[in-house]
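S.K.: Quick one, what's the 3D model for this:
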Amino acid sequence: MLRRKGDAVMVGIVEGFEGELCRIEVNGRIMDVPRSRVGNGVRPGDVVELKDGIWLVNRQKTEARGKEIKKLMDEVWED
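M.R.: Numbering: from 1, shown residues only. Predicted coordinates for the structure are as follows:
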């Protein structure tokens, strides 16, 4: 499946796993996705992108999200 330049990529955040389902938040809504449609090594909190029908981790976006969350937490817990 080829995408044209500028086509939107579906992006979500993994909320967790329940049995054979992976719960992914996309645009504020939770989707239940079969584990067979999720790449190996995906963990809760990962930022994932749908590519060729499989949800794969975007390591760069996941790391950036983690840094942003840490920054916000540090601001809240400052003395």
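S.K.: Going along the chain, name the strands of this structure.
M.R.: Assigned by DSSP state E, the chain shows strands spanning 11-18, 21-26, 29-34, 47-51, 54-57.
S.K.: can you put those strands in JSON lines and add distance to residue 41, mean neighbour count and mean pLDDT?
M.R.: In short, each C-beta sits where N, CA and C put it, glycine included. Formatted as JSON lines, the strands of the chain follow (distance: least, C-beta to C-beta, whole Å; neighbours: other C-beta atoms under 10 Å; pLDDT from 0 to 100):
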{"stretch": "strand 11-18", "distance to residue 41": "11", "mean neighbour count": "16", "mean pLDDT": "96"}
{"stretch": "strand 21-26", "distance to residue 41": "12", "mean neighbour count": "18", "mean pLDDT": "97"}
{"stretch": "strand 29-34", "distance to residue 41": "15", "mean neighbour count": "13", "mean pLDDT": "97"}
{"stretch": "strand 47-51", "distance to residue 41": "11", "mean neighbour count": "18", "mean pLDDT": "96"}
{"stretch": "strand 54-57", "distance to residue 41": "7", "mean neighbour count": "18", "mean pLDDT": "96"}
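S.K.: Of all the ones you listed, which one comes closest to residue 70?
M.R.: Smallest distance to residue 70 across the strands of the chain (C-beta to C-beta): 15.0 Å, for strand 47-51.
S.K.: which residues does residue 29 bridge with?
M.R.: residue 26 (DSSP bridges).
S.K.: do residue 13 as well
M.R.: Beta-bridge partners, per DSSP bridges, of residue 13: residue 25, residue 47.
S.K.: rewinding a little: quick one: the strands of the chain as CSV, columns for distance to residue 63 too.
M.R.: Output for the strands of the chain, formatted as CSV (distance: least, C-beta to C-beta, whole Å):
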stretch, distance to residue 63
strand 11-18, 13
strand 21-26, 18
strand 29-34, 22
strand 47-51, 9
strand 54-57, 10
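S.K.: wait, which of those strands is closest to residue 40?
M.R.: Nearest of these to residue 40, taken as C-beta to C-beta: strand 54-57 at 9.4 Å.
S.K.: All set, thanks.
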